[in-house]
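A.B. asks: predicted coordinates and the sequence they were generated for:
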Amino acid sequence: MQNLSFPLDFTFRISTLSNDFTAKDAKGQTVAYVKQKLLKLVDEITVFNNETKSIVHYTIKANKWIDFSVTYTFTDKMGKDIGRIARKGWASLWKAHYEIFDGKQQQDLVIQEENGWIKVADALLSEIPFLGILTGYLFNPSYIVKRPNGDLVARLKKEPSFWGRQFSVSKLSEFEEGEEDRIVLGLMMMILLERRRG
């Protein structure tokens, strides 16, 4: 997934039992189909070329069964470790906070939720009968990807939609070597985790 045409659109399927979504580029072409395996003790996500699932491009796998700060490793189709993402446990209680590491285990990117109050309002309103179905249109969190020096690199934003099924990824600056894959894979894994949290 290199030299992608941004913005990317992630659209979750609501007609299947599995937690899966399609990623399309700015031209409307499918660049990935992401499928989370069900009934696995350790989270495992497969990133295919498209909905036919004929070619596996990447695998994302948790290092533990259950933990407050699980690490998810990215491997390419050759089985090479190209990076990982880790949720920062206590730091993520108020606003989501994840760190992305390169293949040499050096932290080079951070993902942070931009406004923690949106999550609180979404959680409160979703408990009210009938009004809860509107939260997908009213509350749309966004997440910023930046380098440790503060440079903004990308943003993922939830788009207004029923069931919270549509997200967009915009590019804010030029990527350094290897960043594009780690950013896109990191955001794919993060959004699966954040949707699970509510």
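C.D. replies: Structure received. This one's a predicted model, so the numbers in the text were calculated from it and none came from an experiment.
A.B. asks: count of residues packed around the residue nearest to residue 88 when sequence neighbours are not counted?
C.D. replies: Excluding its sequence neighbours, the residue lying closest to residue 88 (C-beta to C-beta, 6 or more residues apart in numbering) is residue 97, at 4.4 Å. Using the backbone N, CA and C atoms, a C-beta is placed for each residue, glycine as well. Neighbourhood size, residue 97 [other C-beta atoms under 10 Å]: 18.
A.B. asks: also the one 10 residues further on?
C.D. replies: Residue 107 sits with 13 neighbouring residues when counted by other C-beta under 10 Å.
A.B. asks: which ones are touching it?
C.D. replies: 99-101, 148 (C-beta atoms under 8 Å, 6 or more residues apart in numbering).
A.B. asks: can you count the residues close to residue 83?
C.D. replies: Using other C-beta under 10 Å, residue 83 has 26 neighbouring residues.
A.B. asks: against residue 60, how distant is it?
C.D. replies: 10 Å (C-beta to C-beta, to the nearest Å).
A.B. asks: pull up the overlap in contacts between those two.
C.D. replies: With C-beta under 8 Å, 6+ apart, residue 83 and residue 60 have common neighbours 73-74, 185.
A.B. asks: pick the one among those closest to residue 21.
C.D. replies: residue 185 (13.3 Å; C-beta to C-beta).
A.B. asks: which one is the closest one nearest to, not counting chain neighbours?
C.D. replies: Residue 185 sits nearest to residue 74 (C-beta to C-beta, 6+ apart), 4.8 Å away.
A.B. asks: before we move on, back to that, secondary structure added to the shared contacts of residue 83 and residue 60, as TSV?
C.D. replies: Formatted as TSV, those follow (DSSP: H, G, I helix; E, B strand; the rest coil):
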residue	secondary structure
73	strand
74	strand
185	helix
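A.B. asks: quick one: which of the residues you listed is nearest to residue 26?
C.D. replies: residue 185 (18.9 Å).
A.B. asks: just checking, the closest one touches residue 58?
C.D. replies: Yes - counting by C-beta atoms under 8 Å, residue 185 does reach residue 58; the two are 6.0 Å apart.
A.B. asks: which of those two has more neighbours?
C.D. replies: residue 185 (28 against 20).
A.B. asks: cool, thanks, signing off.
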